[in-house]
Every structure is written in structure tokens, then in C-alpha cells.
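# Requesting a structural model of the entry that follows:
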Amino acid sequence: MSSKHRVVITGLGVVAPNGVNVTEFEAALRSGKSGIKRWENLGDINFKCQIGGKPEITQEYKEQKLPDFIAKKVQNNAVIYACLSGLEAWTDAGLEVAPGTYDRKTGMIIGSGALGLDSFIEHKIYPIDNGNHRRLGSRSVPESMSSGAGAYLNSILGLKGRIFSNSSACITGSEAVLQAFEMVQSGRMERMLCGSTEGDGRYIWGGFDAMRVLCSDSNEQPEKGSRPMSASSSGFVPSGGSGALVIESLEAAQARGAKIYAEILGGDVNSGGQQGGGSMTAQNPEAVVDCIQTALANSGVKASEIDLISGHLTSTKGDPYEIQNWMDALGLSKEDFPMVNTPKSMIGHCVAGAGSIELVACALQLSQGFVHQNINLDEVHPEIEKLIGTTKLPTETIEQEINTVIKSNFGFGDLNCCIVLNKLK
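Numbering: from 1, shown residues only. Below you'll find the predicted structure:
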């Protein structure tokens, strides 16, 4: 049995509503910049929530960063976001875009959510309904299949190792990174490009609007809509985007002199089985507590060593329950509790893209020594204030070295995922 390899993050890429590359995204996190806007067409078609987060990608930017075939032909936003974030992470890691030159120990996992419901589907539905399906062209299937984002990205990179996709609702991004971590830790892969993506627009957001889980009280002030942990939280703000990380064994990273953002110590993924209070849309609290505690045990980290919790915290009525679960899992006093933040106050909820984007934020905070602020937290939810007070919820960015971060995501279907990151020692 081979010994377990240490696993480190050597490359980051991101496409988010408030920043379409890592430099922009870090600046936005530090300054509390929101990427949420009002989309007038949503009001025209009777959406209650008329706000959302869409990364601002121009055609010129696409043509500058991507091969012509993808920049000029591919219409699916989720695919474009994944290609942009994945390529940024790859080159940020100091790796060459040299198709076919990497061995079978280099692979990729890019998860996705409702890839086929991205706004590109509008151009596909009408020809089919009008009897003109032969006009769909050769891209409609790869642009809508769950593995399509990774397939297009690998058409650029030409990697030969394990190439696969996952789709697990809101835990998709963190689960993708955890699966990649396990493959590198075990030695089956030496290096993995991992992450996730979600498109945007009315075909994805309409179902959530129908469920009445979106924020509908901030159409006039879109940037105020996403209010995690707030007394006035009224629903999540939908958004799209993609995050990507290059992870590799510590030996491989050191052998090529790569810069290292952070070490991944371990994690856990489980399900509450939609029992014991869990359902399609709610978490079984016992399973959440178990996931957090198992992630810490797998990582060899004590609760008291955590400096920051990067929570799921969607700006819904579930936020106080999440904090309660953290209290139960960690067993710490109010005074000893870690700081808590989430980028969702600035970018909304990117669903399948959330975990990977938020993990990019975690890696940046570890490597650059800061804790980003929670915006729109003028009045903390009374239940949360009772549990952990307000001093652990930064409303201004704090410049401070942090060593250990635990990232969580919780998803539809009663799914849970936690990952522990550490400053490399």
C-alpha cells in the first residue's frame, strides 16, 4: 500500500460576477464589491426576483483568452466560464498549454449543474419546436451534456489522464476538488485541474423563482439583495460563474518549483439521506455535524485550530441552522469560535459553481493573509447573534495571517461537503 501524498494548490482561476479573473476577484473581495445587478427582462416575464449575478465577459475578452473555435462559436455561458477559469488556473500554475505532452498522471474534473439550461438553450428550443432540428448544428449535444464544460476545456489542453465530471447540486464545486484531492493523495494522479461551473439566465433561475426561494425585495437595490446571516435575509440571489484550481502532489510541485497557495489537508462528503429533518431542500443536521467532524478528523485538525469558516450561508432562513450545526460540530465557546464569512454577499449563489469559486477565495485569503468582509450585514440575525455574537462576522476586510480554513457547501438532495485548507508548513 503506497503512502498518502501531501496535496497542494498551485494554480487558481475564476470567473465571478464581481471579477472575471483572480486579480479582479481578489480586489473585489477585499473592497466588498458586489456583482449583483437588475436584469430588466426578468420583470417583463413576471419574475419576482429580478436581480442576479452574471460575469461581465465581452466578446473581445473571449477572443483574447480562448481559441477562435470556442470564442466565436460556443454559445453556452457555463462552458465559456469553465474554459476561462480553467485556462487561467493552468497558466497560473506555471503549466504550458501543450496538448498531448502531459502523461496519464495529469487529469481533470470539471463539475456542472444545469448546463443544458444555460441561456444558450433559447437558440436550440425554437428550431426544434418549428421542425428545424437539423439546423441545430454539431455543438448542441456537447454544449448541453453534463461533461461538456470539461470536454471543451480539454479540447484546448489535451490532457490524457482521468477526465470526468460530477454534478451534485450546490456541493458540486467543493466535491470536485475533494474527488481530485483523493486521486492525487492516493497517487493515482499526480496533478489535477479541478473545479465547477454554472451558467445563468431565466431558464436556470425560473425554477428557483417558482419555488419562492429567491430574494424578491431588492429589485430596486440589487447589490443589497444577498444578505447572508442578516436579520432581513429573504432568499438567495441567483448567479453564474466558475472556479478552477490546479492541485498536485507536494513532490511534483516542489520538483518544478511551483508557487504554492495552500495545502489541502482533507475533507468529507456525505448525505443526510433526506431523513431526520433532511429533505430535498433542507439538511439533516446530524449529517452536517458528522460531515464537519469527519472532515476535521480526516485532516488531523482540531476545532480550536480553525481560523476561518467559509460557510455555505445562502442568505435564506437556513443560515441560523447552519451556524447552529457549526456550533454543535465544533463544540467551541462563543469566544473561541472562528471567524465566519462567505463570498455570497458579493456574488450571490452560483449553485454548482459556488464551491469552486469560494475555494478560490479561501486559497487567496490563506496565501495573501486577509479575511474578506461580509457585505450587507447591517443587522445580524438574532439567532446567530445569540449563538456566536457579532465579533466573529467581519463587516470590514481584516488584514491578518490565517493558517487553517474549513470550507463547507450543502446542497439539494441533502448533500454535504467540507474541505480543510492549510497554509503550507
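# What is the burial count for residue 297?
Around residue 297 there are 12 other residues, counting by other C-beta atoms under 10 Å. For every residue, glycine as well, the C-beta is placed using N, CA and C.
# cool, residue 188 as well?
When neighbours are defined as other C-beta under 10 Å, residue 188 has 15 of them.
# Touching, it and residue 162? I think so.
Yes - between residue 188 and residue 162 there is a contact under C-beta atoms under 8 Å: 7.5 Å.
# Alpha carbons only: can I get stretch 408-418 in CSV?
Coordinates of each C-alpha in stretch 408-418 appear next as CSV, following Å, rounded to 0.1, in the frame of the first residue of the first chain:
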residue,chain,number,x,y,z
SER,A,408,-18.5,23.9,3.5
ASN,A,409,-21.2,23.5,0.9
PHE,A,410,-24.6,22.0,1.4
GLY,A,411,-26.8,21.0,-1.5
PHE,A,412,-30.3,20.0,-2.7
GLY,A,413,-30.8,16.3,-2.1
ASP,A,414,-29.4,16.6,1.5
LEU,A,415,-25.8,16.5,0.4
ASN,A,416,-22.9,17.9,2.4
CYS,A,417,-19.2,18.6,1.6
CYS,A,418,-16.4,20.1,3.7
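# residue contacts, residue 173?
By C-beta atoms under 8 Å, 6 or more residues apart in numbering, residue 173 lies in contact with 111, 195-196, 243, 352-359, 409.
# Over to residue 86?
13, 108, 110, 153, 157, 193, 195, 242, 244.
# which one among the residues you listed gets closest to residue 267?
Closest approach to residue 267 among the contacts of residue 86 (C-beta to C-beta): residue 195, at 15.2 Å.
# just to revisit the earlier point, would JSON lines of the contacts of residue 86 with secondary structure and distance to residue 364 be doable?
Below are the contacts of residue 86 laid out as JSON lines (DSSP: H, G, I helix; E, B strand; the rest coil; distance: C-beta to C-beta, whole Å):
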{"residue": "13", "secondary structure": "strand", "distance to residue 364": "12"}
{"residue": "108", "secondary structure": "strand", "distance to residue 364": "22"}
{"residue": "110", "secondary structure": "strand", "distance to residue 364": "20"}
{"residue": "153", "secondary structure": "helix", "distance to residue 364": "22"}
{"residue": "157", "secondary structure": "helix", "distance to residue 364": "23"}
{"residue": "193", "secondary structure": "strand", "distance to residue 364": "18"}
{"residue": "195", "secondary structure": "strand", "distance to residue 364": "15"}
{"residue": "242", "secondary structure": "strand", "distance to residue 364": "16"}
{"residue": "244", "secondary structure": "strand", "distance to residue 364": "13"}
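# Nearest to residue 330 among those?
Within these, proximity to residue 330 (C-beta to C-beta) peaks at residue 195, which comes in at 27.7 Å.
# Who is the closest one paired with across the strands?
Partner residues in beta bridges with residue 195, using DSSP bridges, are residue 110, residue 244.
# And for the closest residue to residue 173 other than its chain neighbours, the neighbour number?
Distances taken as C-beta to C-beta, 6 or more residues apart in numbering place residue 355 nearest to residue 173, at 2.8 Å, with adjacent residues excluded. Using other C-beta under 10 Å, residue 355 is surrounded by 32 other residues.
# For the host helix or strand of residue 355, buried residues please.
With elements delineated by DSSP states H and E, residue 355 resides in helix 354-368, which encompasses its position. When burial is assessed from 16 or more other C-beta atoms under 10 Å, helix 354-368 yields the following buried residues: 354-367.
# Let me have the residues you listed in JSON lines, extended by distance to residue 392.
What follows is those, written out as JSON lines (distance: C-beta to C-beta, whole Å):
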{"residue": "354", "distance to residue 392": "22"}
{"residue": "355", "distance to residue 392": "22"}
{"residue": "356", "distance to residue 392": "25"}
{"residue": "357", "distance to residue 392": "23"}
{"residue": "358", "distance to residue 392": "18"}
{"residue": "359", "distance to residue 392": "21"}
{"residue": "360", "distance to residue 392": "23"}
{"residue": "361", "distance to residue 392": "18"}
{"residue": "362", "distance to residue 392": "17"}
{"residue": "363", "distance to residue 392": "21"}
{"residue": "364", "distance to residue 392": "20"}
{"residue": "365", "distance to residue 392": "15"}
{"residue": "366", "distance to residue 392": "18"}
{"residue": "367", "distance to residue 392": "22"}
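# tell me which of the residues you listed is nearest to residue 89?
Within the set of those, residue 360 lies nearest residue 89; the separation is 8.5 Å, counting by C-beta to C-beta.
# my guess is that closest one contacts residue 28, does it?
No - taking contact to mean C-beta under 8 Å, the distance of 11.9 Å between residue 360 and residue 28 leaves them out of contact.
# now the strands: where do they sit in the stretch 201-350 of the chain?
Taking DSSP state E, counting those that start in this stretch, the strands of the stretch 201-350 of the chain run over residues 241-249, 262-271, 308-310, 339-341.
# Point out the most buried one among those strands.
For those, the stretch with the most neighbours on average is strand 241-249, a mean of 32; neighbours defined as mean count of other C-beta atoms under 10 Å.
# Keeping just the C-alphas, turn it into PDB.
In PDB, the C-alpha atoms belonging to strand 241-249 read as follows (Å, rounded to 0.1, in the frame of the first residue of the first chain):
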ATOM      1  CA  GLY A 241     -19.700  31.600 -12.800                       C
ATOM      2  CA  SER A 242     -16.800  29.200 -12.500                       C
ATOM      3  CA  GLY A 243     -13.800  28.500 -10.300                       C
ATOM      4  CA  ALA A 244     -10.800  26.300 -11.000                       C
ATOM      5  CA  LEU A 245      -7.800  25.000  -9.100                       C
ATOM      6  CA  VAL A 246      -4.700  23.100 -10.100                       C
ATOM      7  CA  ILE A 247      -3.800  20.700  -7.400                       C
ATOM      8  CA  GLU A 248      -0.800  18.400  -7.300                       C
ATOM      9  CA  SER A 249       1.300  16.300  -5.100                       C
END
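# helices and strands around it, which ones?
Under the contact criterion of 3 or more C-beta pairs under 8 Å, 6 or more residues apart in numbering; DSSP states H and E, the helices and strands touching strand 241-249 comprise strand 7-15, helix 77-92, helix 172-186, strand 191-198, helix 354-368.
# The first one pairs with which strands, and in what direction?
Strands adjacent to strand 7-15 in the sheet, as given by DSSP bridges, are strand 241-249 (antiparallel), strand 262-271 (antiparallel).
# Tell me the gap between stretch 390-402 and the middle of its chain.
Between the mean C-alpha location of stretch 390-402 and the chain-wide mean there is a distance of 21 Å, by C-alpha atoms, centre = their mean, to the nearest Å.
# re earlier: and the strands paired with strand 7-15 as TSV, adding mean pLDDT and distance to residue 60?
Formatted as TSV, the entries for the strands paired with strand 7-15 read as follows, by pLDDT from 0 to 100; distance: least, C-beta to C-beta, whole Å:
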stretch	mean pLDDT	distance to residue 60
strand 241-249	98	19
strand 262-271	98	33
